[in-house]
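>>> How does the following fold in three dimensions:
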Amino acid sequence: MTNTAQQSNFYWGFLFLRPAKRRALTAVYAFARTIDDIVDAGHLKEDEQKKMLDFWKAEVHRMFAGQATHSLSQELWGHVQAFRLPKEPFLELIEGCELDLKRKRYETFEELEQYLYGVAVTVGLLCVRIFGYERTSPEDIREYARNMGYAVQLTNILRDVGADLELGRIYLPQAELAEAGYSLDDLFHRRHTPAFLAVMRKQYDRAKLHYQRARNILNPADRPKMLAAEVMGRVYEGILDEIRELQYHVYFHRVSLPLLRKLRLILDAIRFSYGWV
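Below is the predicted model:
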């Protein structure tokens, strides 16, 4: 497992996978991290970023033709074959990350959904193939990945409001800011007002709903197979709840969880997945 993976909250889910699945998930995570780092690299010019993303689009096609040229995709190819991972989520992930080069703001949540799908749901669609499932229908497993992806990425958006402002990015839907009476000037000046709390509470409720939908749509017989996903989901949902408990003070503080609380959430995930609750 890479050091980057170990530093991520996804690490806790990795611990509950057999070695072959853990290696596959680590490779998928490394691919996603590589693409994300390209668009977040402050030292690269936009034309350089675009060129690198174009390389990876072409590399995905080469990989699925058995002609990968990069060491990362060469390693990934074996896992793609072993778990029959589809090509489309890899390409859609690149397109999702590329949105950060094309737009900095989203008017409505419906517009934001394209971004949520590209950067998060795509990874989920690959993960569920690695985890495996038997009783959940293909349609429901896609909905599971969609809802979990939305929930986790919305959590990231709430946690990183301040950090994203530094990059000029606003993921809070502007129509919802306006509806609450919170201006862009308020946002850029990081004013922690009742209107800001109203916007954040709306995003919190939306994320919580997606966590619950994901949990409910999975066939109970497949929950043990999805334990790693449930662990990741519980940890991120814990971060979401911590954000609320801290009254959404995210402009100058990146919320994290203490180890003991993470361990309690992991235990909750195990109990839920095996029907011990």
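>>> need the helices for the stretch 1-150 of the chain, in chain order.
For the stretch 1-150 of the chain, the helices defined by DSSP state H, counting those that start in this stretch cover 3-7, 11-14, 19-40, 46-64, 71-83, 88-102, 109-116, 122-131, 138-159.
>>> ranking these by burial, who's on top?
Mean neighbours per residue, mean count of other Cβ atoms under 10 Å, is largest over the helices of the stretch 1-150 of the chain for helix 122-131, with a mean of 24. In this view, the C-beta of every residue, glycine as well, is placed from N, C-alpha and C.
>>> Please name every helix or strand in contact with that helix.
Contacts defined by 3 or more Cβ pairs under 8 Å, 6 or more residues apart in numbering; DSSP states H and E place helix 122-131 against helix 19-40, helix 71-83, helix 88-102, helix 138-159, helix 227-245.
>>> May I have the last one as CSV, with CA atoms only?
The C-alpha trace of helix 227-245 is given here as CSV (Å, rounded to 0.1, in the frame of the first residue of the first chain):
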residue,chain,number,x,y,z
LEU,A,227,-17.6,-4.0,4.7
ALA,A,228,-14.6,-2.0,3.4
ALA,A,229,-17.1,0.5,1.7
GLU,A,230,-19.2,0.7,4.9
VAL,A,231,-16.0,1.4,7.0
MET,A,232,-15.0,4.2,4.6
GLY,A,233,-18.6,5.5,4.6
ARG,A,234,-18.8,5.5,8.4
VAL,A,235,-15.6,7.3,8.8
TYR,A,236,-16.5,10.0,6.3
GLU,A,237,-20.0,10.3,7.8
GLY,A,238,-18.3,10.8,11.2
ILE,A,239,-16.3,13.7,9.7
LEU,A,240,-19.6,15.1,8.4
ASP,A,241,-21.2,14.9,11.9
GLU,A,242,-18.1,16.5,13.4
ILE,A,243,-18.4,19.4,11.0
ARG,A,244,-22.0,19.9,12.2
GLU,A,245,-20.9,19.6,15.9
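>>> Same list (the helices and strands packed on helix 122-131) but as JSON lines, adding mean pLDDT and distance to L53.
Converted to JSON lines, the helices and strands packed on helix 122-131 look like this (pLDDT from 0 to 100; distance: least, Cβ to Cβ, whole Å):
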{"stretch": "helix 19-40", "mean pLDDT": "95", "distance to L53": "6"}
{"stretch": "helix 71-83", "mean pLDDT": "97", "distance to L53": "14"}
{"stretch": "helix 88-102", "mean pLDDT": "97", "distance to L53": "5"}
{"stretch": "helix 138-159", "mean pLDDT": "98", "distance to L53": "19"}
{"stretch": "helix 227-245", "mean pLDDT": "97", "distance to L53": "26"}
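>>> In JSON lines, list these along with distance to D185.
Listed next are the helices and strands packed on helix 122-131 as JSON lines, based on distance: least, Cβ to Cβ, whole Å:
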{"stretch": "helix 19-40", "distance to D185": "26"}
{"stretch": "helix 71-83", "distance to D185": "43"}
{"stretch": "helix 88-102", "distance to D185": "23"}
{"stretch": "helix 138-159", "distance to D185": "20"}
{"stretch": "helix 227-245", "distance to D185": "23"}
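>>> isn't L227 right up against G275?
No - assessed by Cβ atoms under 8 Å, L227 is found out of contact with G275, at 11.9 Å.
>>> who has more neighbours, those two?
Counting neighbours by other Cβ atoms under 10 Å for L227 and for G275 shows that L227 has the greater number, 20 against 10.
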